[in-house]
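Output the structure for:
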Amino acid sequence: MVSIEQSIFKALLYSEEYVRRVLPYLDDSYFDGSQRTLFQVYKRLFDEYNSVPTFEALAVTLQNEKIGDTEFNEVAELIGECHKTKDDLPDVQWLVDETEQYCRDKKIYNAIYESINIIEGSNTKLDKHAIPEMLDEALAVSFDQSIGMEFFDDAERRYELYNDDDTRIKFPLECLNHLSNGGLKPKSLSCILAGPNVGKSSMMSYLSGEFLRTGKNVVYISMEMGEELIHERVEANLLGVSTDNLKKMDRNTFLGKIDSIHKKTNGRFFAKEYPTGSAHVGHFRHLLKELKQKKKFKPDVVFVDYLNICASSRYKTMNGINSYSYVKAIGEELRGLAVEFGIPIVTATQLTRGGSSESSPDMTSISESFGTAHTMDWLIAATTDEVLQENGQQLLHLLKTRWGNKSKAKPQLVNVDFDLMRYSDVGSTQEVVNKVGNRKPEKKEKKVEDIDWG
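Next up is the predicted model:
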């Protein structure tokens, strides 16, 4: 009886069509023993000459390999069997499908085996949190036959995508729609950059509530605030009641207001808290899948508060890894999650100490890792000073975008009400923005009675 492995190797040796469709997805982890040796030699020759190795080339190369006699004989026997039955090739499409299933099963087997090693402590590089991601990757094995978008044939499809506003999530603020050239795109990672206590979490809470109001499904993941505090901020905006006065409302009034909002939207909102520095995209992926399975919930947008206090799924700890590489890895993993689920993810990061005092920060003002900017599709910075704070305003700067011409997007003023956790448009002109950008904070002279004489 011919095994699936024998059929695979026979097609690799004698079917050009099969090789071109399957080889990009194969690696030596799918094979064991002499089969792995044969595949390694085959792949090395194919990569070097960009053609299917001949029977003779394989035989000569294997003779030069440092392998034992037993393994050499097993490989030679496998090649011989393939050569003898080369005219009896199975249907290519059938074998491609069977190979895909074989690789998926093998990947699952390898993932389970490696998971046992992690649990027993044999693998010290990975911890238990990596196990769900390994199994997810195994289940997701696929021979994607797409070869990309063609310039001429796919022109009409591109035109529809360019003009389909439904693919974007519009912001509740016109200034943000201006800076983003129309709203958040699917499969994207966006970031709000600001100094301490300027309002990164406040802006994400405000946006979460407004997206909920317009019927979007929202997930807010935090490594900084408790779940009830996140809801408190969203409720302050949606209910029009300050966070302090929320606690003073009687039960019936509070529940009545919540019910009134519920009747006006089809959106849903989930907030999830993780301990600081302990959660990574593996946990977030599991959360999204649990919400889909248990709550029939698929998010339209996810907020992650915030980038620098997430963990990396690639690196177990920061030991021996600089902050640039570690934080950049977190950004890359979050963007990968956005692509995987086809949704926009919005996160935040800190301005450097020097950047917090600048009226016009740039990407070098990002705390810990300039590599953060490399991964983002859209990056804005929120700045303020004494005068802006007194007027309840902030200035928003576009630092990076993949969605338009950055030079055409001028800084925007926005009103901020931290009591109600609300933002609103100012309708700023460039003249006002220039005036704010060039202004230096006024120094207030101390009066004699204000001086602390010690």
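
Confidence-wise, which helix or strand of this structure is lowest on average?
One helix or strand of the chain scores below all others by mean pLDDT, DSSP states H and E: helix 430-438, with a mean of 48.

Which parts of the stretch 201-350 of the chain are helices?
For the stretch 201-350 of the chain, applying DSSP state H, counting those that start in this stretch gives helices covering 227-239, 243-246, 251-262, 281-295, 323-341.

and the third one, average pLDDT?
Pointing back at helix 251-262 there. Per-residue pLDDT values across helix 251-262 average out to 94.

buried ones in that helix?
Across helix 251-262, burial judged by 16 or more other Cβ atoms under 10 Å covers 254, 257. Yep, even glycine has a C-beta here, placed from its N, CA and C like the rest.

With the last one instead?
Applying a neighbour-count criterion of 16+ other Cβ under 10 Å, one finds 326-338, 341 buried in helix 323-341.

Just put the residues you listed in JSON lines and tack on pLDDT.
Shown next, in JSON lines, are these (pLDDT from 0 to 100):
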{"residue": "326", "pLDDT": "86"}
{"residue": "327", "pLDDT": "88"}
{"residue": "328", "pLDDT": "89"}
{"residue": "329", "pLDDT": "89"}
{"residue": "330", "pLDDT": "92"}
{"residue": "331", "pLDDT": "93"}
{"residue": "332", "pLDDT": "92"}
{"residue": "333", "pLDDT": "93"}
{"residue": "334", "pLDDT": "95"}
{"residue": "335", "pLDDT": "94"}
{"residue": "336", "pLDDT": "92"}
{"residue": "337", "pLDDT": "93"}
{"residue": "338", "pLDDT": "95"}
{"residue": "341", "pLDDT": "93"}
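
And the furthest pair within the residues you listed?
326 and 341 (23.4 Å; Cβ to Cβ).

okay if I get the buried residues of helix 323-341 as a markdown table plus distance to residue 300?
Shown next, in a markdown table, are those (distance: Cβ to Cβ, whole Å):
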| residue | distance to residue 300 |
| --- | --- |
| 326 | 30 |
| 327 | 26 |
| 328 | 27 |
| 329 | 26 |
| 330 | 23 |
| 331 | 21 |
| 332 | 23 |
| 333 | 21 |
| 334 | 17 |
| 335 | 17 |
| 336 | 19 |
| 337 | 15 |
| 338 | 12 |
| 341 | 10 |
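
Go through those and say which is closest to residue 257.
Using Cβ to Cβ, residue 341 is the member of the buried residues of helix 323-341 that sits closest to residue 257, with 31.8 Å.

just so I know, which of the helices of the stretch 201-350 of the chain lies nearest residue 151?
Nearest of the helices of the stretch 201-350 of the chain to residue 151, taken as Cβ to Cβ: helix 323-341 at 22.5 Å.

Please name every helix or strand in contact with that closest one.
Applying 3 or more Cβ pairs under 8 Å, 6 or more residues apart in numbering; DSSP states H and E, we find helix 323-341 packed against strand 188-194, helix 281-295, strand 301-305, strand 344-350, helix 371-375.

could I get those as JSON lines with mean pLDDT and mean neighbour count?
As requested, those are exported to JSON lines (pLDDT from 0 to 100; neighbours: other Cβ atoms under 10 Å):
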{"stretch": "strand 188-194", "mean pLDDT": "94", "mean neighbour count": "25"}
{"stretch": "helix 281-295", "mean pLDDT": "91", "mean neighbour count": "16"}
{"stretch": "strand 301-305", "mean pLDDT": "96", "mean neighbour count": "25"}
{"stretch": "strand 344-350", "mean pLDDT": "94", "mean neighbour count": "24"}
{"stretch": "helix 371-375", "mean pLDDT": "80", "mean neighbour count": "20"}
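
Go through those and name the closest to residue 178.
Per Cβ to Cβ, nearest to residue 178 of the helices and strands packed on helix 323-341: strand 188-194, 14.8 Å.

got the contact list for that closest one?
Residues outside strand 188-194 that contact it (Cβ atoms under 8 Å, 6 or more residues apart in numbering): 180, 184, 200, 203-204, 307, 331, 334-335, 338, 344-351, 361, 365-366, 372, 375-383, 399, 402.

Apply 6 Å and report the result again.
The contact list for strand 188-194 (Cβ atoms under 6 Å, 6 or more residues apart in numbering) reads 200, 203, 334-335, 338, 344-349, 351, 376-379, 381-382.

Tell me the neighbouring strands of that strand, and mark each as parallel or antiparallel.
Here strand 188-194 has these sheet partners by DSSP bridges: strand 344-350 (parallel), strand 378-383 (parallel).

Would you convert the ones you listed into JSON lines that also reports distance to residue 19?
Listed next are the strands paired with strand 188-194 as JSON lines, based on distance: least, Cβ to Cβ, whole Å:
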{"stretch": "strand 344-350", "distance to residue 19": "38"}
{"stretch": "strand 378-383", "distance to residue 19": "41"}
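
which strand is the longest one in this protein?
If you go by DSSP state E, the chain has its longest strand at strand 393-401.

of all the helices of the stretch 201-350 of the chain, which lies closest to residue 10?
Across the helices of the stretch 201-350 of the chain, residue 10 has its closest neighbour in helix 323-341 (34.8 Å, Cβ to Cβ).

Could you tell me the angle between the closest one and strand 301-305?
Helix 323-341 and strand 301-305 meet at an angle of 160 degrees, taking axes from the mean of the first three to the mean of the last three Cα atoms, to 10 degrees as the criterion.

May I have helix 323-341 exported as PDB, CA atoms only?
Extracted in PDB, the C-alpha atoms of helix 323-341 (Å, rounded to 0.1, in the frame of the first residue of the first chain):
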ATOM      1  CA  SER A 323      13.600  47.500  24.500                       C
ATOM      2  CA  TYR A 324      13.700  48.600  20.900                       C
ATOM      3  CA  SER A 325      13.400  45.000  19.700                       C
ATOM      4  CA  TYR A 326      10.900  43.900  22.400                       C
ATOM      5  CA  VAL A 327       8.400  46.700  21.900                       C
ATOM      6  CA  LYS A 328       8.800  46.500  18.100                       C
ATOM      7  CA  ALA A 329       8.000  42.800  18.300                       C
ATOM      8  CA  ILE A 330       4.800  43.600  20.300                       C
ATOM      9  CA  GLY A 331       3.700  46.000  17.600                       C
ATOM     10  CA  GLU A 332       4.300  43.500  14.900                       C
ATOM     11  CA  GLU A 333       2.400  40.800  16.700                       C
ATOM     12  CA  LEU A 334      -0.600  43.200  17.300                       C
ATOM     13  CA  ARG A 335      -0.600  44.100  13.600                       C
ATOM     14  CA  GLY A 336      -0.500  40.400  12.700                       C
ATOM     15  CA  LEU A 337      -3.600  39.900  14.900                       C
ATOM     16  CA  ALA A 338      -5.400  42.800  13.100                       C
ATOM     17  CA  VAL A 339      -4.700  41.100   9.700                       C
ATOM     18  CA  GLU A 340      -5.700  37.700  11.000                       C
ATOM     19  CA  PHE A 341      -9.100  38.900  12.200                       C
END
